[in-house]
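Q: Sequence plus the predicted model coming up.
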Amino acid sequence: YLVNLKTAGRTTREFLKESLETRLATVADTEVGLLLSGGLDSMSVGYLLSQTGRKVTAFTLKVEDDDTDVVKSRELTKRFNVDLVEVKIGQSTDGLSITVQRYSPTRELRYEKNIAQGIILDDAVLTSLRISGNPKKDNVFCAVAMYLIGQAIAEEGVKTVFCGEGPNEMINDYGFNPRESGYGTEDKGNVQ
């Protein structure tokens, strides 16, 4: 059926576009969110969302200003003409804090605010694992990150959020590959 890469790409894009349009048809909100890492999956969803006429606000986690994912997210939101909310998770003796910085597509700072502080890391881990229903060690980081960024999304008033999650999880390229399961190494790069 898919005889070459060009046909496969076109078909994949049409499936993704149709899926997105089907989901958007069920959403009454005029504004939707996008979890944007700057990677291929979220970039593809972001591009298609930006073509729908809806107001789109992208959210990305930020450790440092020059993180590769943040830099890519900034470039993409400028191209897509959507706002970017950079969510910084900080840590102090009081616990974790969440600060949001909302930027226009042209990188004008609309506002910065601290939305949470004193979050106990153990509580965040346990709550996120309880919500995700998946206590596997290779999902802890993602589960906690989603839980914390979810607080920023709620604070922004966005109720429907799209993301590129799925393909990486299906092929376990983030994961732990134990030798007893037949993997040649325990390196996540082993896609056997």
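A: Received, thanks. The shown structure was predicted, so the numbers you read here are calculated from the model rather than taken from an experiment.

Q: Compute the number of surrounding residues for Tyr110.
A: I think there's a mix-up here, since residue 110 is Arg and not Tyr. 11 (other CB atoms under 10 Å). C-beta coordinates here come from the backbone N, C-alpha and C atoms, glycine included.

Q: quick one, what contacts the nearest residue to Arg107 once chain neighbours are set aside?
A: Leaving aside its chain neighbours, Arg107 sits nearest to Arg74 (6.8 Å; criterion: CB to CB, 6 or more residues apart in numbering). Counting by CB atoms under 8 Å, 6 or more residues apart in numbering, Arg74 makes contact with Leu84, Tyr103, Arg107.

Q: switch to 10 Å and redo it
A: Leu36, Gly38, Ala58, Thr60, Lys62, Asp65, Leu84, Glu86, Tyr103, Pro105, Arg107 (CB atoms under 10 Å, 6 or more residues apart in numbering).

Q: Can you tell me which of those end up in strands?
A: With DSSP state E as the criterion, strands contain Ala58, Thr60, Lys62, Leu84, Glu86, Tyr103 from among those.

Q: For the fourth one, give me its contacts.
A: To tie it back to what came earlier, the one meant is Leu84. Contact analysis of Leu84 by CB under 10 Å, 6+ apart lists 34, 36, 57-60, 62, 70, 73-74, 76-78, 101-105, 107, 110.

Q: which other helices and strands contact the helix or strand where Phe15 lies?
A: Using DSSP states H and E, Phe15 sits within helix 5-24. Packed against helix 5-24, as judged by 3 or more CB pairs under 10 Å, 6 or more residues apart in numbering; DSSP states H and E, are the following elements: helix 40-50, strand 161-162.

Q: All set, thanks.
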